[in-house]
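J.: following is a predicted model, sequence given first.
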Amino acid sequence: MAVRPTAGLLRGGTAGVNPAHLADAEDLIRRGRRRRWRKGGVLCSQEESSQWIAVLLSGVVKASVYTEDGGEVLLSLHGPGALVGELEALDGKPRPATLTALEPVEAAVISHPEFMMV
């Protein structure tokens, strides 16, 4: 069974998508600072304090959690257009999962305070 990255805010068509959401995503990208990760790079780690959100511009990341015995549980895959870290910005809780680049990734990164102003 093939696993596909989630459809992002800006890709996969706009049927059923509120145009205001697309405008918000484009605004986040304009405000964001470009950042790149190599294949295998960790964007953020499970349980760390969250300081930023990101809109993925290219590449694919996996979201996973690690069990007490060292096993890894794959939660999801995210591709271009996906917004990551927004829940932590809203609830202030630590990151629930580790995000790892499965290929080179570029993202627009926005601080929590700036995200809250959008």
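T.: Noted; the coordinates are in hand.

J.: kindly export stretch 80-88 (C-alpha atoms) in CSV.
T.: Extracted C-alpha coordinates of stretch 80-88, given in CSV (Å, rounded to 0.1, in the frame of the first residue of the first chain):
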residue,chain,number,x,y,z
PRO,A,80,4.5,20.9,-0.4
GLY,A,81,1.8,23.3,0.9
ALA,A,82,1.3,21.6,4.2
LEU,A,83,1.2,23.7,7.4
VAL,A,84,3.1,22.1,10.3
GLY,A,85,3.3,23.2,13.9
GLU,A,86,0.1,25.3,14.0
LEU,A,87,-1.6,23.4,16.8
GLU,A,88,1.4,23.9,19.1
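
J.: what about the helices in this structure?
T.: Along the chain, counting by DSSP state H, helices occupy 19-31, 86-91, 112-117.

J.: rank the ones you listed by mean pLDDT and give me the bottom one.
T.: Lowest mean pLDDT of those: helix 19-31, a mean of 69.

J.: quick one: low-confidence ranges for this structure?
T.: Within the chain, the stretches with pLDDT under 70 are 1-24, 118.

J.: hmm, try it at 50
T.: 1-7, 9-20 (pLDDT under 50).

J.: show me the contacts for the most centrally placed residue in it.
T.: Centroid-nearest residue in the chain: residue 84, 2.4 Å away (criterion: Cα atoms, centre = their mean). Residue 84 is in contact with 43, 53-54, 56, 61, 63, 78, 99, 107, counting by Cβ atoms under 8 Å, 6 or more residues apart in numbering. C-beta: built from backbone N, CA, C; applies to glycine.
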